[in-house]
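Asker: Dropping the sequence and predicted coords here.
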Amino acid sequence: WPTSDGAAAPYYDRREARLGVSGEGEAVYTCPAGKHLFPPFNPRCGELLVKKGAEKLGIKVVPLPLAVLHGDYDGRPSCHFCGACNFGCQTASRFSSLDVLVPKFRKLKNFALRTNSPVHSVLMDRNTGRARGVSYIDAKTRQEYQAYARTVVLAASMIESIRILFNSRNRNYPQGLANSSGTLGKYLMEHVAFNDVPAFLPQLAGRPSTNDDGPGEVCLYIPRFNYGHQDKKKFLRGYRLTFYTGCGMGPGVGAGLAGFGTSFKKRIKELYPAGVSMGGYGEGLAFPWNYVEIDPGGLKDRYGIPQVRFHTTAEYEHAFAIRDEMYDKTEEILRASGAEILSYKKVNPYPLGSVTHEAGGARMGDDPRTSVLDKWNRCHDVKNLLVVDAACFVSHPEKQITHTIMALAYRAADHLAEEFRLGNV
């Protein structure tokens with residue numbers, strides 16, 4: 001990475017202030033505390049049992065920071081525990097750009113939101129070698145238009161930003177715009193991920209069903225804890241674990257058992273409040289052979305824009321090694337919690353993109369020969385063209401990547417504003 005944690009830290013804090021984060025703010029190694037504005041949500045009964053079990057093994061369990069309000073903030077009410085976060089939040093208690101930021105932007109005179117307008121390519125000025133705008137298509141009329149700007153910022157999500165750069169190739173950049181390094185589209189990454197381990201907590205079996213929806217997410221998690229031990233580990237870096245318990249949508253872990261009839265239904269109901277599943281994410285590594293390109297067969301989308309083709313595999317030595325330890329450690333923690341593990345099948349790591357935490361493909365770096373972007377998210381080859389989504393990532397830790405995407409985008413925007421002020425753009 002061409003930037004340090006210290007350089008990005010203020011932007012994490014600013015983002016958290018904008019989001020409204022709930023959490024205890026307890027720092028663990030490589031997981032800074034942050035400046036959480038609200039206390040954590042109360043854990044469910046099953047979460048507390050798992051916490052006790054993990055602590056018997058010397059494994060730390062801490063509140064999971066959530067971009068869900070645990071108190072009124074910035075005109076948004078506190079979470080009302082409907083548990084339907086994944087369906088959108090009508091009260092904007094759970095942060096999303098669509099619900100929180102866009103309404104603020106639409107009040108500005110210099111902001112325009114043009115929907116149904118997929119971008120085809122970046123327009124270039126042949127005389128200056130600078131970006132001068134984008135071409136886009138009206139999705140309803142199929143007419144092509146152009147929008148002009150002094151600076152172009154791509155934040156279209158990782159693959160889409162890469163596709164736009166590839167589709168912007170020209171005489172000077174025949175392999176894709178800003179791709180003099182030849183690394184555009186390469187070094188794609190994703191979390192090492194696979195199925196959870198199912199179990200149930202006998203202590204909770206048969207109790208009355210309760211509303212355990214909470215803030216729509218787990219309240220506790222296990223941050224990375226396996227530092228060092230390079231003489232014993234067969235993989236690089238580490239992983240984190242999460243666990244889901246309580247009464248929720250669906251019939252629970254009992255539905256996975258074999259059975260039929262009245263006794264089967266009774267067993268499902270008995271185990272419904274006692275179910276627990278544990279899984280997590282490991283760090284995915286960057287390799288040049290995990291890449292994306294414009295489809296050589298000429299495949300296009302419904303608007304006539306050339307589509308991409310993926311060449312990726314998640315099944316490499318590191319991924320299998322980290323998977324094996326995660327399975328073993330998960331079972332150990334569950335047993336220490338008093339849980340009974342149900343039958344499950346160990347599977348290969350999921351394909352890249354399966355958990356939609358993909359990153360890389362237009363990596364940052366100080367050397368234009370080995371990277372697409374500089375430390376300010378500007379293309380080395382085209383200084384007024386920025387990429388501020390997950391395509392800029394150089395590595396892919398076990399953590400969620402959204403917060404880092406937003407912090408780096410905030411930092412890039414701050415620098416860009418200063419460049420405008422100085423007249424450099």
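Answerer: Now that the structure is in, tell me what you want to look at. Numbering: from 1, shown residues only.
Asker: wait, isn't Gly133 in contact with Tyr145?
Answerer: No: using CB atoms under 8 Å, Gly133 is not in contact with Tyr145, being 10.1 Å away. No exception for glycine: its C-beta is placed from N, CA and C like everyone else's.
Asker: out of these two, which sits in the more crowded spot?
Answerer: Gly133 (16 against 13; other CB atoms under 10 Å).
Asker: Name the SS class of Gln146, please.
Answerer: strand (DSSP: H, G, I helix; E, B strand; the rest coil).
Asker: Ok, Ala258 next?
Answerer: Recorded secondary structure, Ala258: coil (three-state DSSP).
Asker: what does Ala409 give?
Answerer: Taken by three-state DSSP, the conformation at Ala409 corresponds to helix.
Asker: count of neighbours near it?
Answerer: Neighbours of Ala409 using other CB under 10 Å come to 20.
Asker: Got the confidence number for it?
Answerer: The model reports Ala409 with a pLDDT of 97.
Asker: Setting the sequence-adjacent residues aside, check what's closest to Asn86.
Answerer: Excluding the flanking residues, the one nearest Asn86 by CB to CB, 6 or more residues apart in numbering is Gly216, at 7.0 Å.
Asker: swap in Leu165?
Answerer: If the residues on either side of it in the chain are set aside, Leu165 comes closest to Leu177, at 4.8 Å by CB to CB, 6+ apart.
Asker: Wait, that neighbour touches Met124, no?
Answerer: Yes: between Leu177 and Met124 there is a contact at 7.3 Å, judged by CB under 8 Å.
Asker: out of these two, which sits in the busier spot?
Answerer: Shown here are Leu177 and Met124; by other CB under 10 Å, Leu177 has more neighbours (25 against 21).
Asker: can you tell me which residues contact that one?
Answerer: Contact partners of Leu177, counting by CB atoms under 8 Å, 6 or more residues apart in numbering, are Ser121, Val122, Met124, Leu165, Phe166, Ser168, Arg169, Asn170, Cys379, Asp381, Val382, Leu385.
Asker: which SS class is it?
Answerer: Going by three-state DSSP: Leu177 is coil.
Asker: neighbours of Cys45, just the number please.
Answerer: Neighbour count for Cys45, taken as other CB under 10 Å: 16.
Asker: Excluding chain neighbours, give the residue nearest to it in space.
Answerer: Nearest non-adjacent residue to Cys45, counting by CB to CB, 6+ apart: Leu204, 6.2 Å away.
Asker: Would you enumerate the residues in contact with the one you found?
Answerer: Leu204 touches Cys45, Gly46, Leu49, Pro273, Ala274, counting by CB under 8 Å, 6+ apart.
Asker: again, only using 10 Å
Answerer: With contact set as CB atoms under 10 Å, 6 or more residues apart in numbering, Leu204 has these partners: 44-46, 49, 245-247, 271-276, 338-339.
Asker: so where do the helices sit in the stretch 201-350 of the chain?
Answerer: Counting by DSSP state H, counting those that start in this stretch, the stretch 201-350 of the chain has these helices, from start to end: 262-271, 317-336.
Asker: mind checking pLDDT for Thr356?
Answerer: For Thr356, pLDDT reads 89.
Asker: what does the one 4 residues further on give?
Answerer: Gly360 carries a pLDDT score of 98 in this model.
Asker: could you list every residue that touches Ala258?
Answerer: Shown in contact with Ala258 (CB under 10 Å, 6+ apart): Phe264, Ser343.
Asker: Quick check, pLDDT for it.
Answerer: Model confidence at Ala258, given as pLDDT, is 89.
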